[in-house]
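>>> This is a predicted model, with the sequence first.
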Protein chains: 2
Amino acid sequence: MKKYRASIITIGDEILIGQVIDTNSAVIAAELNKIGIWVHRKLAVGDDTQAIIESLKEEEQHSDIILITGGLGPTKDDITKQVLCEYFGGKLIVNEKVKEYVLYLFNEVYRRPVIEVNLKQAEVPDVCEVIHNKRGSAPGMIFRKKDKIFFSMPGVPHEMKGMMEDDIVPMLQKEFITQNIIHRTLLTAGVGESFLAEKIKDFENALPTWIKLAYLPNNSMVRLRLTASGENIDKEINSQFEQLKKQVADFLVADEDITLETKLGKILNEQKKTMATAESCTGGYIAHLLTANPKSSSFFTGSVVCYDKRIKESVLDVDHDLLEKEGTVNETVVIQMVKGILKLMGSDYGLAVTGLMGPDAGGEDKPVGTVWIGVGNREKIETQEFHFRFDRRRNIEITAVNALNMMRKFILKKVDS
Amino acid sequence: MKKYRASIITIGDEILIGQVIDTNSAVIAAELNKIGIWVHRKLAVGDDTQAIIESLKEEEQHSDIILITGGLGPTKDDITKQVLCEYFGGKLIVNEKVKEYVLYLFNEVYRRPVIEVNLKQAEVPDVCEVIHNKRGSAPGMIFRKKDKIFFSMPGVPHEMKGMMEDDIVPMLQKEFITQNIIHRTLLTAGVGESFLAEKIKDFENALPTWIKLAYLPNNSMVRLRLTASGENIDKEINSQFEQLKKQVADFLVADEDITLETKLGKILNEQKKTMATAESCTGGYIAHLLTANPKSSSFFTGSVVCYDKRIKESVLDVDHDLLEKEGTVNETVVIQMVKGILKLMGSDYGLAVTGLMGPDAGGEDKPVGTVWIGVGNREKIETQEFHFRFDRRRNIEITAVNALNMMRKFILKKVDS
């Protein structure tokens, strides 16, 4: 069976000067991957006619399917539509359906006057097939050249994502008989990539050549992914995956491709228990991670971000003299924070963090990167001290990972015992 | 003066299947941009010999400087070093300095046994110049081919970033006399890209051809950026920038390339005032944005994430009967939340949000996307109702933007009056 290759071209100067992180191409790649189309290359070029034309010429050599995003906005710097029109030898004509929809959007939804540049969105090359954009005024476009197919999508992330899901993926599935690709992913925490690699060396060497193992490290977590493509491969890959799980059992967080916070939420929901957080140095980031989950209202009661020292005292009942004498970053404070949040929120479990995220120590007599984490319930509280040595942002992220993982282990231990 | 072009090549299957978002190339691009090197293309390819070699061949046609990141890890799927060695016709030899450093890292810093794969990190192609990696065990490499230069960096984000800042940028500055590039960026909020474009149409058309205007929309904010390169251009670009500021004065948040939350922090620090947040539907995201700023401890007292309805009542003093009769998403509740957080935190200003982020309404008798935001101080509270129609993540982000902008405007109005 033919293995189709795709290229993704992202267009926009903002990507090339690093002012914007390109998340669109990751979304497109994940969608294609699900239906068994391999992304061979991802390319980003600027809002520049010559660069766009070169990218089209090259990627049509590399791939069968070319997906383009960006540069379809109404403003002067957006030139993708004009360049595509030129490249495929067409001319711009008004599409009445798109025009009607733009008018509808402005009159009925945005309730703003339509201005000339908006109406230009209704002009499309006469050599393309138009994809209706339910979420905005820039239509998508399909071009064909010999046996290659090109899709052009808007760069606004939710418009692009919607068009991928609603239109392009179903069309690709219909038109290209795609092969079966299976990924099996597990998540580990608390162990380095090279240590894991050493531990599963024999397993890796014994893998059939058609199954690929990948290490995906991120913060203090490593995802391990087995990938295979073909027919009738489920049994073999599942059996290999079970072996892999056994090998990394000590560090295993989840045996599916979910985040640590999603896994923690699942455990709490299964047990019908709730948790709350008291956050100093993470400033609400842990609560944010937990509440990104739409199911969080059933297991997350809330959080106190006690950024000011006095709030630790007034809201969480941390001892005044302790804070004055010992400062805010120590084991006794974190224990009192856990107790305080359990009392205030009435939750089954509590998690607290206090630390110094940098770049300076904010008057505390401790090295930057010192963090105390506490997790517990009404019977027991466990604590741990950490020393991180990254920048502020990464210290916050890594503190959150360690806190959530401590909470997860604490809850599971309660169940086992 | 020669205008140098750069290409960035990111290597890793995880990028191509969309499991990881490539932030590295944005960091590299931003660093190059600061020193006046234009990134012409960004390319991502998989951990595949043929694909990597093709990418090297192509990018050396397009650019003078090629920066490569990823694929230098100790595990089997990382093949960048071997491929580069082959491409530049070298062989792998042990570099004693790197070996010493790897041993030091494991013995003194990580305090873990060194295993065989870690020592392999000390092998480098004999045709490259080694860049010491202060933050990890994989060294950077420099290769030269005719007048082209290639840099290979690890893919771990903080290792790559450190190597860019400490080694590669200073070296590029020394070796390539780069031209002067000036960006002037401003931030607007509360207005669409096309409306802005219409408003500043005449300004844009009158711009000298060597000054480029770009629109960078994100959530409900649009950044406008003027860019020019050359000598003695400061006066003209500054004068154009002042004109642009006047044109968008009604929506102007900041006249520099900073975020809304950084601007709000600056205003509060200048006024020596503090704020606190009471967050229901945003789940701590606003507190997280504010505390990402290292200077936040001087203006941010804290937050209560009152995710559970009962916490609104018990911690923030929202009226029990009101919550029972009218539900949690209405103007009276948000006003009481502002009052509650001001009292609890003792801050000068308070901000509160309550709403339905989706995908379902969680038992409330309101459409998903309904949000009430309140901002105020002890004298006055202002409220506004919003209806967003995006997915959960975007609804949270856009609520945060609107809340922070309402807070900013409220504080500035207090000063003006």
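All right, it came through fine.
>>> In the stretch 301-417 of chain A, where is pLDDT below threshold?
A:414-417 (pLDDT under 70).
>>> quick one, helices of the stretch 1-150 of chain A?
Listed in chain order, the helices of the stretch 1-150 of chain A (DSSP state H, counting those that start in this stretch) span A:13-16, A:24-34, A:49-62, A:80-87, A:96-104, A:116-120.
>>> Could you dump those helices into CSV with mean neighbour count and distance to A:Arg389 added?
Using the backbone N, CA and C atoms, a C-beta is placed for each residue, glycine as well. Converted to CSV, the helices of the stretch 1-150 of chain A look like this (neighbours: other C-beta atoms under 10 Å in any protein chain shown; distance: least, C-beta to C-beta, whole Å):
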stretch, mean neighbour count, distance to A:Arg389
helix A:13-16, 25, 31
helix A:24-34, 22, 29
helix A:49-62, 18, 40
helix A:80-87, 20, 44
helix A:96-104, 15, 53
helix A:116-120, 17, 50
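>>> pLDDT weak spots in chain A?
Chain A contains residues with pLDDT under 70 at A:1, A:177-179, A:414-417.
>>> okay, now the domains of it?
Listed by automatic domain parsing, the domain ranges of chain A are A:5-175, A:181-254, A:260-416.
>>> so how far does the shortest one reach from one end to the other?
The straight-line separation of the ends of domain A:181-254 (C-alpha to C-alpha, to the nearest Å) is 21 Å.
>>> Is that domain positioned near chain B?
Yes - Domain A:181-254 reaches chain B (C-beta under 8 Å from any C-beta of the partner chain) through A:183, A:185, A:192-195, A:197-198, A:204, A:212-218, A:223, A:225.
>>> name the element the residue lying farthest from the centre of chain A belongs to?
Taking C-alpha atoms, centre = their mean as the measure, the residue most remote from the mean C-alpha position of chain A is A:Asp321, 42.8 Å away. Taking DSSP states H and E as the criterion, A:Asp321 maps to helix A:320-326.
>>> residues in contact with that helix?
Here helix A:320-326 makes contact (C-beta atoms under 8 Å, 6 or more residues apart in numbering or on different chains) with A:309, A:312-313, A:332-333, A:336.
>>> Go again with 7 Å.
For helix A:320-326, the external contacting residues (C-beta atoms under 7 Å, 6 or more residues apart in numbering or on different chains) are A:309, A:312-313, A:332-333.
>>> ok, back up a step: between the helices of the stretch 1-150 of chain A, which gets nearest to chain B?
helix A:24-34 (3.1 Å; C-beta to the nearest C-beta).
>>> Any part of that closest one near chain B?
Yes - judged by C-beta under 7 Å from any C-beta of the partner chain, helix A:24-34 comes into contact with chain B at A:26-27, A:29-30, A:33.
>>> Same list, these, but as JSON lines with distance to B:Ala249 please.
Formatted as JSON lines, the residues of helix A:24-34 next to chain B follow (distance: C-beta to C-beta, whole Å):
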{"residue": "A:Ala26", "distance to B:Ala249": "37"}
{"residue": "A:Val27", "distance to B:Ala249": "36"}
{"residue": "A:Ala29", "distance to B:Ala249": "41"}
{"residue": "A:Ala30", "distance to B:Ala249": "41"}
{"residue": "A:Asn33", "distance to B:Ala249": "46"}
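>>> Which single one of those is nearest to A:Ser7?
A:Ala29 (10.6 Å; C-beta to C-beta).
>>> hmm, back to that, kindly reformat the domains of chain A as JSON lines and extend each row with distance to B:Ile149.
Shown next, in JSON lines, are the domains of chain A (distance: least, C-beta to C-beta, whole Å):
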{"stretch": "domain A:5-175", "distance to B:Ile149": "19"}
{"stretch": "domain A:181-254", "distance to B:Ile149": "29"}
{"stretch": "domain A:260-416", "distance to B:Ile149": "28"}
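>>> Out of these, which gets nearest to B:Val98?
With C-beta to C-beta, the closest approach to B:Val98 among the domains of chain A belongs to domain A:181-254: 14.9 Å.
>>> and the closest one, how far out from the chain's middle?
The chain centre lies 20 Å from the centre of domain A:181-254; the measure is C-alpha atoms, centre = their mean, to the nearest Å.
>>> Could you do stretch A:63-80 as well?
Worked out by C-alpha atoms, centre = their mean, stretch A:63-80 lies 23 Å from the chain centre.
>>> Span of it from start to end?
Terminal residues of stretch A:63-80 lie 20 Å apart, using C-alpha to C-alpha.
>>> Check whether that stretch comes near chain B.
Yes - counting by C-beta under 7 Å from any C-beta, chain B is contacted by stretch A:63-80 at A:73-77.
>>> Pull the number of nearby residues for A:Asp166.
As a burial measure, A:Asp166 scores 15 neighbours (other C-beta atoms under 10 Å in any protein chain shown).
>>> would you say it is within a helix?
Yes - the assignment for A:Asp166 by DSSP: H, G, I helix; E, B strand; the rest coil puts it in a helix.
>>> Spatially nearest residue to it, not counting backbone neighbours?
A:Lys134 (7.1 Å; C-beta to C-beta, 6 or more residues apart in numbering or on different chains).
>>> Looks like that neighbour contacts A:Gly162 (just checking).
Yes - A:Lys134 is within contact range of A:Gly162, at 6.3 Å (criterion: C-beta atoms under 7 Å).
>>> quick one: the strands in the stretch 201-350 of chain A?
With strands called from DSSP state E, counting those that start in this stretch, the stretch 201-350 of chain A shows them at A:212-218, A:221-229, A:252-254, A:275-279, A:300-306, A:349-355.
>>> what does the stretch 51-200 of chain A give?
Under DSSP E, counting those that start in this stretch, the stretch 51-200 of chain A gives strands at A:65-69, A:92-94, A:123-125, A:129-131, A:140-145, A:148-153, A:181-189.
>>> B:Lys246 is nearest to which of those strands?
strand A:123-125 (32.1 Å).
>>> Quickly check: that closest one near chain B or not.
No - using C-beta under 7 Å from any C-beta, strand A:123-125 stays clear of chain B, with a minimum separation of 14.6 Å.
>>> before we move on, back to that, if we go by neighbour counts, what in the helix holding A:Asp321 is buried?
A:322-323 (16 or more other C-beta atoms under 10 Å in any protein chain shown).
>>> Now do A:Ile296 against A:Ala276, distance only.
Heads up, residue A:296 is Ser, not Ile. As judged by C-beta to C-beta, to the nearest Å, A:Ser296 and A:Ala276 stand 12 Å apart.
>>> So between those two, which is more surrounded?
More crowded of A:Ser296 and A:Ala276, by other C-beta under 10 Å: A:Ala276, with 28 against 21.
>>> From what I see, the more buried one and A:Phe299 are in contact.
No - using C-beta under 7 Å, A:Ala276 makes no contact with A:Phe299, being 10.0 Å away.
>>> residues in contact with A:Pro208?
A:Glu236.
>>> Next, give phi and psi for it.
Backbone torsions of A:Pro208, given as degrees, to the nearest 10, read phi -60, psi 150.
>>> Report how many residues lie close to the residue nearest to A:Asp166.
A:Lys134 has 12 neighbours, counted by other C-beta under 10 Å.
>>> List phi and psi for it.
Per degrees, to the nearest 10, the backbone of A:Lys134 is at phi -70, psi -20.
>>> which residues in the stretch 251-400 of chain A form helices?
Under DSSP H, counting those that start in this stretch, the stretch 251-400 of chain A gives helices at A:260-271, A:285-291, A:309-314, A:320-326, A:331-345, A:392-416.
>>> Remind me what the second one packs against, helices and strands.
Contact here means 3 or more C-beta pairs under 7 Å, 6 or more residues apart in numbering or on different chains; DSSP states H and E; on that basis helix A:285-291 packs against helix A:260-271, strand A:275-279, strand A:300-306, helix A:392-416, helix B:285-291.
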